[in-house]
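Peer 1: Using only what follows, build the 3D model:
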Amino acid sequence: MATTLVSVETREVVRCEHCRLMQYRTSNALCRKCHKPLDIEEPVVLAPQLVTTLPAPASAEAGMQVAGQVRDIRKARHLSQRQLAGRMQVPRTYISKIENGKAIPTLGSLERLAAALEVDVRQLVRDSRSRRDDEVNAILCDPFLAEIAALLPHLDSLQRTLIYGAVRDAATGRRRSA
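Peer 2: So this is what the prediction gives:
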């Protein structure tokens with residue numbers, strides 16, 4: 001898969017104050033829809049984007065991971081799609097498309113999404129391996145579990161099964177009859 005940098009020029013994204021259409025600034029500074037002047041206070045500048053010549057097979061999977069993360073974080077923050085869209089200044093349907101995996105946000109959109117959700121961008125693009133690493137680190141913070149984890153490689157499968165059964169029985173309150 002060849003990756004090339006396309007354009008170094010940046011494009012200004014503006015919202016028409018009259019019809020609320022989000023668009024790139026036109027050369028004549030008029031809205032594409034209502035043809036009224038585009039006057040904005042704070043321009044949003046898009047960075048150059050990488051374009052791949054072949055579609056990456058993992059991109060759909062990555063998009064679904066981002067979708068799940070966005071939905072989970074939004075719900076954890078008790079935000080509706082409309083509220084999140086308002087924070088990002090995008091249509092609610094765009095949030096819906098991201099959460100359903102029908103749209104994969106650009107890097108700029110990911111940054112705005114992370115800011116709207118008040119999280120780091122890395123939290124939106126975490127894969128299952130990094131989540132697993134976080135869970136393992138959380139478990140190993142407990143000194144007792146860390147000590148047991150260090151001993152596990154020295155046990156055979158029967159010993160592991162016996163320990164697992166004893167721990168399970170202790171946790172559920174059952175007693176083993178010897």
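Peer 1: Going by C-alpha atoms from here, please, whenever you check contacts or count neighbours.
Peer 2: Noted.
Peer 1: Checking residue 167 next. Helix, strand or coil?
Peer 2: helix (DSSP: H, G, I helix; E, B strand; the rest coil).
Peer 1: Spit out the contact partners of the residue most central in space within the chain.
Peer 2: Centroid-nearest residue in the chain, with Cα atoms, centre = their mean: residue 124, separated by 2.2 Å. Residue 124 makes contact with 66, 69, 70, 110, 114 under the criterion Cα atoms under 8 Å, 6 or more residues apart in numbering.
Peer 1: Tell me which of those residues fall in helices.
Peer 2: If you go by DSSP state H, the contacts of residue 124 have 66, 69, 70, 110, 114 in helices.
Peer 1: Closest one of those to residue 35?
Peer 2: residue 110 (29.9 Å; Cα to Cα).
Peer 1: picking that back up, so, if you compare the ones in helices among the contacts of residue 124, which one comes nearest to residue 167?
Peer 2: The nearest member of the ones in helices among the contacts of residue 124 to residue 167, counting by Cα to Cα, is residue 69 at 33.0 Å.
Peer 1: Any figure for the gap between that closest one and residue 110?
Peer 2: From residue 69 across to residue 110, the span is 12 Å (Cα to Cα, to the nearest Å).
Peer 1: Over to residue 134?
Peer 2: Taking Cα to Cα, one finds residue 134 at 22 Å from residue 110.
Peer 1: Just want to know which of the two has more residues nearby.
Peer 2: The neighbour count for residue 134 versus residue 110, taken as other Cα atoms under 10 Å, is higher for residue 110 (19 against 12).
Peer 1: surely that one meets residue 120?
Peer 2: No. In this structure, residue 110 is not within contact of residue 120 by Cα atoms under 8 Å, at 9.7 Å.
Peer 1: mind giving me the domain split of this protein?
Peer 2: Using automatic domain parsing, the domain parsing of the chain gives 1-54, 55-126, 129-172.
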